[in-house]
Each structure stands twice: as structure tokens, then as C-alpha cells.
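Trainee: pasting the sequence and the predicted model now:
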Amino acid sequence: MATKETSKRTSKRTAAQNPQNESQAELQKLFVDQIKDIYWAEKHLLKALPKMQKAATTPELQNAIETHIAQTEGQVERLEEVFELLDEKPQAKKCDGMQGLIEEGESVIEETNERTATRDVGIILSAQKVEHYEISAYGGLAALAKTLGREDIAEVLAETLAEEKETDEILTKIAESNINYMASIEGEEA
């Protein structure tokens, strides 16, 4: 019994003497947990994007979504590379945020008329919400990787972050090129 108490005091003293190690371990645990979260998000986005592509009206938006599907496949592979760099098995943890955004996108499709610019506007808005979520996640994760001294992982995450920003810009250009205007006059043509 005295040995257990001595052991507890020693481990408490060690943690108190080196609180940075304990903090680093907690931060590392949070980091891995968040990688699992975005991994789930990307894998589920791969299931949702083809539905959005099929529901889109304009070839420009359909092509942009097709490109995003290919990028997302690469992003999943990069996350698997991050797991490998962390000596972790790729594992997904349910991402409530992405699940909500995907459900919201599905609602937009259900609540708008087929083959309309209004539906395309809704798809673009839904897709941009997803992009902004991902930009936030990858930006935070890349910064945290640097804090943890993992420049190798930060570089991998920064590559995905750049793609997410580019996709957001493309979606904005598509909306501003003609789709928003077409939706605004859609009912007037009849």
C-alpha cells in the first residue's frame, strides 16, 4: 500500500515538475481526435457530392463538383498519410458538423425545383458552407501541427487547405458568373 501511495506521489510530482509534457500529450490527443473527425467528414462528403452533382443543372456546376469529388478522394488519401505519420491507424470519428451540413444540402435539393437556377444557387450555397467548414478545420489543424512540431504534417494539411480555398473561389465565380442572376429572373420568363 505504501508503494502505491509513493508511486502516486511520484507520478504527481513528475507531472507537476513537467506540466508541458502532460499538456503536449493532451494537445496531441486532441489533434488526433480532430484528424479522425475531418477524416469522417471527408469520407461522408464523398457520398454526398455525387448526389449534389446529379441534382445540379448547369454543366459548369456539375464539372466543378466532379473536380471536387476527385480532390476529396485525394484529401482522404492525404489524411491517411497523416495517420501514418502519426503512427495511428486511419479511423473516423463522427463529425456532427459535417453531418449537419450534408443534411442541409440534401434539404436544399428536396426543397427546390429540378433543373432550376434556384436549385443551383442552393447547391452552391450548401457547398460553400462545407468549404468554409473545411477551411476552418484544415487551417486550425495545420497551425496545431506546427505547434506540435510536426511541420511534415502541417505541409500535408496546408496542401488540402489550399485546395479547399480554391474550390470556394471557383464556386463563388460560378455563382457570380450567371447562376445567381438567372435564379433572380427565373419566374419572370413564364
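Mentor: That came through, no problem. It should be emphasised that the depicted structure is a prediction, and the values quoted were computed from it without experimental measurement. Numbering: from 1, shown residues only.
Trainee: contacts and neighbour counts: CA atoms only from here.
Mentor: OK.
Trainee: where exactly do the helices run in the protein?
Mentor: Ranges of helices in the chain, per DSSP state H, are 2-17, 19-55, 59-85, 96-111, 117-147, 151-174, 180-185.
Trainee: pLDDT value on the nearest residue to Q99 once chain neighbours are set aside, please?
Mentor: Spatial nearest neighbour of Q99, chain neighbours left out: A41 (7.4 Å); criterion: CA to CA, 6 or more residues apart in numbering. pLDDT recorded at A41 is 98.
Trainee: and A41, what is it in contact with?
Mentor: If you count contacts by CA atoms under 8 Å, 6 or more residues apart in numbering, A41 has them with K94, C95, M98, Q99.
Trainee: now the residues you listed: which count as buried?
Mentor: Among those, those classed as buried by 16 or more other CA atoms under 10 Å are C95, M98.
Trainee: one step back: tell me the most buried of the helices of the chain?
Mentor: Most buried of those, by mean neighbour count (mean count of other CA atoms under 10 Å): helix 117-147, with a mean of 20.
Trainee: check which helices and strands that one sits against.
Mentor: helix 19-55, helix 96-111, helix 151-174, helix 180-185 (3 or more CA pairs under 8 Å, 6 or more residues apart in numbering; DSSP states H and E).
Trainee: how about these in TSV, adding distance to E131?
Mentor: Shown next, in TSV, are the helices and strands packed on helix 117-147 (distance: least, CA to CA, whole Å):
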stretch	distance to E131
helix 19-55	11
helix 96-111	10
helix 151-174	6
helix 180-185	19
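Trainee: now for the residue positioned nearest the centre of the chain: which residues touch it?
Mentor: The centroid of the chain falls nearest to E134 when counting by CA atoms, centre = their mean (3.3 Å). For E134, the contact set (CA under 8 Å, 6+ apart) comprises I38, L161, E164.
Trainee: brilliant, that's me finished.
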